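# With the sequence up front, the predicted model follows.
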2 protein chains.
Amino acid sequence: MDKMQTLSKNQQIIFDLIDKSPEPMKAYSILHNVQKKGIKAPLQVYRALDKLVKIGKIHKIESRNAFIACHNSSCQVSKATAFSICEICEKVTEISSASLSKYLTNFKDKDGMKYSKYNLEFFGLCKKCR
Amino acid sequence: MDKMQTLSKNQQIIFDLIDKSPEPMKAYSILHNVQKKGIKAPLQVYRALDKLVKIGKIHKIESRNAFIACHNSSCQVSKATAFSICEICEKVTEISSASLSKYLTNFKDKDGMKYSKYNLEFFGLCKKCR
DNA sequence: TACATAGTGTTATATTATAACAATTTAAAT
DNA sequence: ATTTAAATTGTTATAATATAACACTATGTA
């Protein structure tokens, strides 16, 4: 069930970069960092990002247009994500709370609509910035 | 406490447009629609949008780069927002669930961090599209 | 009145993201 | 092994989203 996904060359280069980064990376910053490895065009970056997001290896922080590696072994696929974002230093942390994900996965709105995916972004001040 | 905010001319024009729209509006679509009213430049739109978001009259749907009017009388300020988004027709609805907002407002992560704001986007299929 | 704050108008530019096309690689199925 | 489909790549051009910088005007309030 833990179907290991083999990454293509560009995907691997870009994943490695994001994975090593202590903070979310933006697409054009990624581009600058991989130009020495032969990835020259924005589209090459965006295509790899799309795929990596699709298979859950990275997540997009929508409010920041930036990408971080998934460190939550339980999300093979990126369908239930939660992050905390510090409004001063911009540090982003993926939240893995079983109770939170359970609550949101089971959430039904008043029409009884259930959702297949969600993305939650919390904002506040991190320990260091408080 | 319900301090009525007076909108400036541009803010009012742009709010009225978004408020009448049945769907979230994008910045440049707003721009096209208000050019006849004398708003000619993107920056004029973005400045009004920023302010309207800040005072909670509209919300930004981050995953769509689009804006909708707030129809939730309890959010004077845009600090706790939740939306459902149909992945087919792109219909967006603001969720106002007391239990959801209570749960999220009180949520503490494992470091005990509390958050001052959050934004939640649910994805799925709406009634019509199912 | 004077002062600070918020808003406006404008030009230019930065940032983020996709379209369209041709070629190549990979995986799988015969 | 050969064919075929799907995924990936490389490339140029361009679309879509958003902000910087500057000068000026309106508004609220002390």
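Thanks, I have the structure now. Residues are numbered from 1 along each chain as shown, chains lettered A, B, ... in the order given.

# Flag every residue of chain A that's near chain B.
A:62-63, A:84, A:93, A:95, A:97, A:100, A:103-104, A:107, A:109-111, A:113-127 (Cβ under 8 Å from any Cβ of the partner chain). In short, each C-beta sits where N, CA and C put it, glycine included.

# Sort out which of those are in helices and list them.
Of the residues of chain A next to chain B, the ones assigned to helices by DSSP state H are A:100, A:103, A:104.

# Next up, the contacts around the last one.
To tie it back to what came earlier, the one meant is residue A:104. Taking Cβ atoms under 8 Å, 6 or more residues apart in numbering or on different chains as the criterion, residue A:104 is in contact with A:80, A:82, A:118, A:120, B:120, B:122.

# Could you give the bridge partners of the second one?
According to DSSP bridges, residue A:120 are recorded as the beta-bridge partners of residue A:82.

# so what's it up against?
Neighbour list for residue A:82: A:94, A:95, A:96, A:97, A:100, A:101, A:104, A:119, A:120, A:121, A:122 [criterion: Cβ under 8 Å, 6+ apart].

# Only the buried subset of those residues, as a ChimeraX command please.
A single ChimeraX command selects the buried members of the contacts of residue A:82 (16 or more other Cβ atoms under 10 Å in any protein chain shown):
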select /A:94,95,96,100,101,104,119,120,121,122
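
# Show me which of the contacts of residue A:82 is closest to residue A:88.
Nearest to residue A:88 among the contacts of residue A:82: residue A:122, at 14.3 Å, using Cβ to Cβ.

# Tell me the spatial nearest neighbour of that closest one, not counting adjacent residues.
Among residues not flanking residue A:122 along the chain, residue B:115 sits closest, at 4.0 Å (Cβ to Cβ, 6 or more residues apart in numbering or on different chains).

# From residue B:83, how far out is residue A:84?
Separation of residue A:84 from residue B:83 (Cβ to Cβ, to the nearest Å): 19 Å.

# returning to that earlier point: which of the residues of chain A next to chain B are buried?
Listed as buried from those are A:62-63, A:84, A:93, A:95, A:100, A:104, A:107, A:109, A:113, A:115, A:117-126; burial here means 16+ other Cβ under 10 Å.
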